[in-house]
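J.: Pasting a predicted model and its sequence here:
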Amino acid sequence: MSTELLLFGFIRAAATELVKQAGAPALLAVAGKTTAGVAAPADAWPQGLTGLQLQNEVLWRLHDLDAVLPARAGTIFASEDDLQDLVERYNNEIAGRLELVAGKVELGLEVRAPNGYRNFTPALSPGRRYLQRLGGAVCDSGPIGVFCTQLNRRLKEISTEGERLVCLRANTIFRASYLVPKENTATFRDIVTEEVGRMRELEFLITGPWPPYSFSHLELYKDQRKSGVIPDQPG
Amino acid sequence: MLAVIELIRRLMEKQALRRVEAGSLTPDEEEQLGLTLLRLDEKIDELCGVFGLSREDLDLDLGPIGKLY
């Protein structure tokens, strides 16, 4: 009888020995040509928030030791053979992404206007107001828009990749994730402090460093989603 | 027929929001897009009035996807 596996992420095959140092005894590495999937028997892993926190700790340790591409939470494989097949099939793509994220961490940034951004930005025009009513994160062409563009540009300069998610929704005017080389994390904080300091009434929150959750971008998810193995991204 | 038009309009709105979220549009393009969708929305209201229908009457059962509204 085969045991379902909960996939945590992918590492380099040369780093499979590091799995023993990740602090979770049930972990196993299913190796392909040059990459490996890190997983645990689903029935041996804690459920709910505890399981997710433990999973995050494992991923962080593995990423700190070498490099990891996190899988989406709740990714289940019916058997070790299924996981092996996937790792073999997407070996080159996984290897390429691992090379990209090695030595980098994900940092998140949210900038908020606690008293509402409308206090210091002109009213939106009718068309853009309609988009915002639909739930769209409409960017502002006034001072806030200039601020967001400048902030995003400076942070991208010290990052490998950046994912700007929203601006101008409720009181959040900027939300983004960046893949930042470890040595640039202090510079990242300095830039945010400097740029946000120019705008009165704004608050910011930097999250992370995290393993590169937002930067997996693997094509394999398309195939797996079709077969119902990997859950869709929320939203 | 009006329900099908409403379905297409809703799909267009979803796609428009994806473009906005992706940040690939300029403020002018966003304005044009928003205005077009706004006018389309108003036109549907107008057509509902002509045929004595409410927006709820245009609600389609999309099977496993759920209802349109």
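T.: Arrived safely, thanks for sending.

J.: which residues in chain A form strands?
T.: Under the criterion DSSP state E, chain A contains strands at A:5-12, A:28-31, A:35-41, A:69-70, A:76-77, A:104-112, A:161-166, A:172-181, A:203-210.

J.: Show residues contacting the third one.
T.: Contacts made with strand A:35-41 from outside it, assessed by C-beta atoms under 8 Å, 6 or more residues apart in numbering or on different chains, are listed as A:3-13, A:15-16, A:19, A:22, A:24, A:26-30, A:58, A:62, A:68, A:71, A:77, A:83-84, A:86-87, A:91, A:94-95, A:98. In short, each C-beta sits where N, CA and C put it, glycine included.

J.: Name the residue of chain A that lies nearest to chain B.
T.: Proximity of chain A to chain B (C-beta to the nearest C-beta) peaks at residue A:127, 2.9 Å away.

J.: quick one, which of the strands of chain A is nearest to residue B:14?
T.: Nearest to residue B:14 among the strands of chain A is strand A:161-166 (16.3 Å), distances taken as C-beta to C-beta.

J.: and the longest helix belonging to chain A, which residues are buried?
T.: Taking DSSP state H as the criterion, chain A has its longest helix at helix A:48-65. The neighbour-count check on helix A:48-65 (16 or more other C-beta atoms under 10 Å in any protein chain shown) flags A:51, A:54-56, A:58-64 as buried.

J.: just to revisit the earlier point, residues in contact with the residue lying closest to the residue of chain A closest to chain B once chain neighbours are set aside?
T.: Of all residues not flanking residue A:127 in the chain, residue B:34 sits nearest, at 2.9 Å (C-beta to C-beta, 6 or more residues apart in numbering or on different chains). Contact partners of residue B:34, counting by C-beta under 8 Å, 6+ apart, are A:125-131, A:138, B:16.

J.: try residue A:209
T.: A:105-107, A:180, A:182, A:185.

J.: where does chain B have its least confident helix or strand?
T.: In chain B, the helix or strand scored least confidently by mean pLDDT, DSSP states H and E is helix B:2-22, which has a mean of 83.

J.: Chain A contacts on chain B?
T.: Those residues of chain B that sit near chain A, judged by C-beta under 8 Å from any C-beta of the partner chain, are B:13, B:16-17, B:20-21, B:23, B:27, B:30-38, B:41.
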